[in-house]
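A.B. asks: Following is a predicted model, sequence given first.
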Amino acid sequence: MIITLKSNINNEELDKVFKELNNKKIEYKHIQIEANSNEKINLIIITSDAYNLDEHVIKSMPAVGQVLRITTPYKLASRQYKKEDTIVTVGDVKIGGKEIVIMGGPCSVESEKQVEEIAKGVKEAGGKVLRGGLYKPRTSPYAFQGLESVGIEYLLKAKEKYNIPIISEIMGIDKLDEFVKNVDIIQVGARNMQNFELLKALGKVNKPILLKRGLANTIEEWLMSAEYILAGGNKNVILCERGIRTFEKATRSTLDLSVIPLVKKLTHLPIVVDPSHATGNWELVESVSLAAIAAGCDGLLIEVHNHPENAFSDGEQSLKIERFSALIEKGKKIAEVIGRKI
Ligand code: PEP
Ligand code: MN
């Protein structure tokens with residue numbers, strides 16, 4: 001259950017609500033979400049059973065706006081709580097609206113020249129966000145770990161030159177300030193989807209968060225992770241399906257396409273698809289991307305490289321710039337059929 005509170009309520013009225021809940025031994029969390037720069041939405045999330053709570057009593061209290069019964073374990077992420085689609089704004093880019101947002105760039109930031117060339121290609125092809133990994137979650141400790149903070153300058157230069165926002169993956173809370181300062185969308189990778197301390201910290205910042213689905217996580221677990229960020233007060237969450245682990249080894253992961261229309265029913269949050277990590281094979285990326293557009297995704301996050309054969313990581317799944325551009329052109333036609341646009 002969620003109790004929404006009216007704006008401009010006084011503490012006395014608010015205390016009456018808390019008192020009623022305390023008397024009934026109901027557990028709750030009082031949270032504040034920034035509606036805009038000068039307004040905060042106040043909510044009370046009931047976290048225990050509330051069978052003994054008289055809704056009429058609560059509703060009649062002057063501080064209370066609405067009482068919403070939410071049947072899913074995720075509350076703020078739920079469509080029952082918020083009927084309208086959430087649109088996450090990143091500069092001029094809106095994720096979750098009519099436009100399908102294409103994000104592209106290298107798996108890893110490798111050099112200034114590499115980022116510059118790819119950023120130019122991504123922008124000219126119609127990409128709206130530039131990706132680039134600085135801290136890489138590699139399976140092997142001996143594999144390339146990323147340029148780390150050295151690479152941020154390359155992304156920032158490309159951002160400035162091509163007027164394109166940047167997305168990069170955070171691996172630990174210790175880097176939070178660096179990411180908040182420099183990055184437009186903070187990516188939480190599949191391996192960190194249930195790093196709850198990180199999610200809590202990201203709930204406290206006012207930056208869009210792209211939350212990838214874990215390697216072997218259910219939709220409910222994924223939405224509960226989104227809930228951690230929302231419950232901290234950050235409402236700018238973008239979900240990203242990147243394939244899950246199944247018995248099948250022919251592709252790197254198994255892309256769960258049905259998750260797109262399903263997630264649209266369960267939550268108001270936007271969902272983008274990463275066809276690169278889902279397939280692990282550049283030859284499959286175009287078809288899968290077009291299918292994801294047809295299924296109703298709000299964006300794509302695609303690995304693009306100027307020289308995939310020499311890439312420091314994930315070259316085998318990275319598109320050359322020309323192929324990325326061709327994909328976008330085809331994607332525009334599919335988008336039109338379903339009443340969207342790229
Ligand atoms: C990435 O996008 O660079 C990445 C490591 O992806 P994932 O977390 O989906 O494996
Ligand atoms: Mn990669």
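C.D. replies: On my side now, so go ahead. Residues are numbered from 1 along each chain as shown. Ligands and ions are numbered 1, 2, ... in the order given.

A.B. asks: what does this protein put close to ligand 2?
C.D. replies: For the chain, the residues in contact with ligand 2 (CB under 5 Å from the ion) are 107, 314. Where C-beta positions appear, they are placed from N, C-alpha and C, glycine not excepted.

A.B. asks: remind me which residues of the chain are low pLDDT?
C.D. replies: Within the chain, no range satisfies pLDDT under 70.

A.B. asks: In it, what residue comes closest to ligand 1?
C.D. replies: Of all residues in the chain, residue 189 sits closest to ligand 1, at 3.1 Å by CB to the nearest ligand atom.

A.B. asks: tally of neighbours for that residue?
C.D. replies: By other CB atoms under 10 Å, the residues close to residue 189 number 22.

A.B. asks: Now do the same contact list for residue 270.
C.D. replies: By CB atoms under 8 Å, 6 or more residues apart in numbering, the contact set of residue 270 is 85-88, 95-96, 238-239, 298-299.

A.B. asks: swap that for residue 290, sorry
C.D. replies: 327, 330-331, 334.

A.B. asks: which element is it on?
C.D. replies: helix 282-295 (DSSP states H and E).

A.B. asks: Off-centre distance for that helix?
C.D. replies: Taking CA atoms, centre = their mean, to the nearest Å, the mean C-alpha location of helix 282-295 is offset from the chain mean by 19 Å.

A.B. asks: Whichever helix or strand comes after that helix pairs with which strands?
C.D. replies: Under the assignment DSSP H and E, the closest C-terminal helix or strand after helix 282-295 is strand 299-303. Strand 299-303 has these partner strands in its sheet, going by DSSP bridges: strand 101-105 (parallel), strand 271-273 (parallel).

A.B. asks: What sits closest to the residue of the stretch 1-150 of the chain found nearest ligand 2 if chain neighbours are left out?
C.D. replies: Among the residues of the stretch 1-150 of the chain, residue 107 lies closest to ligand 2, at 3.2 Å counting by CB to the ion. Distances taken as CB to CB, 6 or more residues apart in numbering put residue 314 closest to residue 107, at 3.8 Å, once the chain neighbours are dropped.

A.B. asks: what about the residue nearest to residue 24 when sequence neighbours are not counted, neighbour count?
C.D. replies: Nearest residue to residue 24 in three dimensions, chain neighbours excluded: residue 52, at 5.2 Å (CB to CB, 6+ apart). Residue 52 has 9 neighbours, counted by other CB under 10 Å.

A.B. asks: now do the one 3 residues further on
C.D. replies: By the criterion of other CB under 10 Å, residue 55 has 13 neighbours.

A.B. asks: Tell me which stretches of this protein form helices.
C.D. replies: Taking DSSP state H, the helices of the chain run over residues 11-23, 55-59, 112-125, 152-162, 176-182, 196-203, 219-231, 259-266, 275-279, 282-295, 321-337.

A.B. asks: Could you identify which of these is most buried?
C.D. replies: Of all the helices of the chain, helix 275-279 has the most neighbours on average by mean count of other CB atoms under 10 Å, namely a mean of 26.
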